[in-house]
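Asker: Any chance you can model this:
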Amino acid sequence: MTETTASPTPHPAIAGADPAPTADAELIAAAVAAAGRGLVERETVAEVVALCAVAGEHLLVVGPPGTAKSEAVRRVAERLGGRYFEYLLGRFTEPNELFGPVDLRRLREGRVEFETAGMLPEAEVAFLDEVFLGSTAVLNTLLGLLNERVFRRGGTVLASPLRICVGATNQLPEDPALAAFADRFLARVFVEPVADSRLEELLEAGRHRAEPARVPASAPEPASEPAAPGGMLAALDRLAAAARACDLRPVTPLLGGALRRLRAAGVPISDRRAVRTQNLVAAAAVLDGRDTASARDLWVLPLIAPTVETQALARETLADLVDQAANRSLVHTAEDLSRSTAARAERLLRTAAALLAEHGGLPEGRASRLRLEAVLREIDAGFDPADLPAPLAGVRAGLVAVVSPA
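Answerer: Residues are numbered from 1 along each chain as shown. Next up, the predicted model:
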């Protein structure tokens, strides 16, 4: 997790797109790309963590054990920097394990206050594994912290700097009593074991990945100081401020129509989630380098569908609306959720540019050459030469020069 990676080379806009991304968006995109390197089929998790951090919303990752949910979140958190808190919840988890113990000095004075240093209330990025297994006392306290960014317990009232909390679970809860708590996680990402066709890639990535030191599951990881490149958290905060100021008026009629279509199709969307969806749309716009939202940003909508089945239904229902959607910073997720040609072009452009920058000329070894050839084949299979966007055509020429030198 300590590897250093050059930022992807900023590229000109593809045909019909807006101006190039801002420096902050490129910085976050580079951090997310570096975090996802070596994690097979987990790029979407890494990208949605960044999207939600800019939007000021929380994320729920759902998938079976052993599918690298926690590893993906840890890597993004390390790249973003800031104080990080992680904990595995259980039925017998005590509130003080997350929020801090009673301050004994204050208790002697007759005041019940809590020592929160290094604990969840002072974290800027948090990851809670098996999040629905917490006790009622834990979940009730979390409810206020996640919703209001304020920690209240006993005589302690603390404004929390929490940018994002990522919750992970093996399956969605069936208990209706947990519905209000689950609703605090606006975005949902569902993961499955890596496809059989990519097992060799998974094995190679696992063999070469340097495993970080693990903290025992019974003890919280201290809220560490920033480990990412200087200014990463500041860039995230500037993007979050830009998202709050983003002009959503041009896209409001489209967004309202899209939400009506989702509800009519049977996707349950509460009024609260409908309103907060605007935060994801605004975050997508600023991560794409714009201060005004457009139809290009509506690819985020399936993320608010609560189950894997309703997410698939949302993709199908909105297919015509998001057929030109794309995002320069979150290329994998935008393509996955929109299935659009524009999003595919963005992903191939960034992937090819990063490979060429990494190799800086003739690659060494058969595996490296195969990666370049695979991207070249995908470009040729997905685009007619006459319709190839100019930036992608330029990168394709670079790939050809490397894999087929004169």
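Asker: Which stretches in the stretch 201-350 of the chain count as helices?
Answerer: Residue ranges of the helices in the stretch 201-350 of the chain, as given by DSSP state H, counting those that start in this stretch, are 232-245, 252-265, 271-287, 308-317, 331-338, 341-359.
Asker: Apologies, that question was intended for the stretch 51-200 of the chain.
Answerer: 69-80, 95-99, 104-108, 136-148, 179-182, 199-208.
Asker: What are the contacting residues of the second one?
Answerer: Applying CB atoms under 8 Å, 6 or more residues apart in numbering, the external contacts of helix 95-99 come out as 87, 89, 102, 114, 116, 119-121, 135, 137-138, 141-142, 151, 153, 220. To be clear about C-beta, it is placed using only N, CA and C from the backbone, and glycine gets the same treatment.
Asker: now do the fourth one
Answerer: The contact list for helix 136-148 (CB under 8 Å, 6+ apart) reads 58, 89, 93-95, 98-99, 120-121, 128, 134, 150-153, 160, 162, 165, 178, 180-181, 184.
Asker: Let's test this: mean pLDDT of that helix, rounded?
Answerer: Taken as a whole, helix 136-148 carries a mean pLDDT of 91.
Asker: show me where pLDDT drops low in the stretch 51-200 of the chain?
Answerer: Applying pLDDT under 70 to the stretch 51-200 of the chain flags no residue at all.
Asker: Tell me which residues touch the closest residue to Ala29 other than its chain neighbours, please.
Answerer: Leaving aside its sequence neighbours, Ala29 sits nearest to Ser329 (CB to CB, 6 or more residues apart in numbering; 3.8 Å). The contact partners of Ser329, taken as CB under 8 Å, 6+ apart, are Pro21, Ala25, Glu26, Ile28, Ala29, Val32, Glu47, Ala50, Leu287, Asp288.
Asker: Quick check: phi and psi on Ser329?
Answerer: Backbone torsions of Ser329, given as degrees, to the nearest 10, read phi -90, psi -30.
Asker: Distance-wise, check it relative to Val375.
Answerer: For Ser329, the distance to Val375 (CB to CB, to the nearest Å) stands at 19 Å.
Asker: could you dump the contacts of Ser329 to JSON lines with secondary structure?
Answerer: Below are these laid out as JSON lines (DSSP: H, G, I helix; E, B strand; the rest coil):
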{"residue": "Pro21", "secondary structure": "coil"}
{"residue": "Ala25", "secondary structure": "helix"}
{"residue": "Glu26", "secondary structure": "helix"}
{"residue": "Ile28", "secondary structure": "helix"}
{"residue": "Ala29", "secondary structure": "helix"}
{"residue": "Val32", "secondary structure": "helix"}
{"residue": "Glu47", "secondary structure": "helix"}
{"residue": "Ala50", "secondary structure": "helix"}
{"residue": "Leu287", "secondary structure": "helix"}
{"residue": "Asp288", "secondary structure": "coil"}
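Asker: about what we covered before: the contacts of helix 95-99 in strands, which ones?
Answerer: Among these, DSSP state E puts Tyr87, Phe151, Arg153 in strands.
Asker: Now do the contacts for Leu399.
Answerer: Shown in contact with Leu399 (CB under 8 Å, 6+ apart): Ala352, Leu355, Leu356, Leu372, Val375, Leu376, Ile379.
Asker: hang on, the fifth one in a strand?
Answerer: Right, Val375. No - counting by three-state DSSP, Val375 falls outside a strand, being helix.
Asker: For it, grab the count of nearby residues.
Answerer: By other CB atoms under 10 Å, 22 other residues sit near Val375.
Asker: on that earlier part again, mean pLDDT for the helices of the stretch 201-350 of the chain: which is lowest?
Answerer: When the helices of the stretch 201-350 of the chain are compared by mean pLDDT, helix 341-359 comes last with a mean of 86.
Asker: Give me the distance between it and the centre of its chain.
Answerer: Here the centre of helix 341-359 is set off from its chain's centre by 19 Å, with CA atoms, centre = their mean, to the nearest Å.
Asker: mind exporting that helix as PDB, just the C-alpha atoms?
Answerer: Output in PDB follows, covering the C-alpha atoms of helix 341-359 (Å, rounded to 0.1, in the frame of the first residue of the first chain):
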ATOM      1  CA  THR A 341     -20.300   4.600 -25.300                       C
ATOM      2  CA  ALA A 342     -19.000   7.900 -23.900                       C
ATOM      3  CA  ALA A 343     -18.200   6.200 -20.500                       C
ATOM      4  CA  ARG A 344     -16.400   3.400 -22.300                       C
ATOM      5  CA  ALA A 345     -14.300   5.900 -24.200                       C
ATOM      6  CA  GLU A 346     -13.400   7.700 -21.000                       C
ATOM      7  CA  ARG A 347     -12.300   4.500 -19.300                       C
ATOM      8  CA  LEU A 348     -10.300   3.200 -22.300                       C
ATOM      9  CA  LEU A 349      -8.700   6.600 -22.700                       C
ATOM     10  CA  ARG A 350      -7.600   6.800 -19.000                       C
ATOM     11  CA  THR A 351      -6.500   3.100 -18.900                       C
ATOM     12  CA  ALA A 352      -4.400   3.400 -22.100                       C
ATOM     13  CA  ALA A 353      -2.800   6.700 -21.100                       C
ATOM     14  CA  ALA A 354      -1.900   5.200 -17.700                       C
ATOM     15  CA  LEU A 355      -0.400   2.100 -19.300                       C
ATOM     16  CA  LEU A 356       1.700   4.100 -21.800                       C
ATOM     17  CA  ALA A 357       2.900   6.500 -19.000                       C
ATOM     18  CA  GLU A 358       3.800   3.500 -16.800                       C
ATOM     19  CA  HIS A 359       5.800   1.800 -19.400                       C
END
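Asker: and that helix, what does it pack onto?
Answerer: Judged by 3 or more CB pairs under 8 Å, 6 or more residues apart in numbering; DSSP states H and E, the packing partners of helix 341-359 are helix 23-36, helix 331-338, helix 366-382, helix 390-403.
Asker: Just want the angle from that helix to helix 366-382.
Answerer: Counting by axes from the mean of the first three to the mean of the last three CA atoms, to 10 degrees, helix 341-359 points 160 degrees away from the direction of helix 366-382.
Asker: Most widely separated two among the contacts of helix 95-99?
Answerer: Largest separation among the contacts of helix 95-99 by CB to CB: Leu89 and Val102, giving 20.3 Å.
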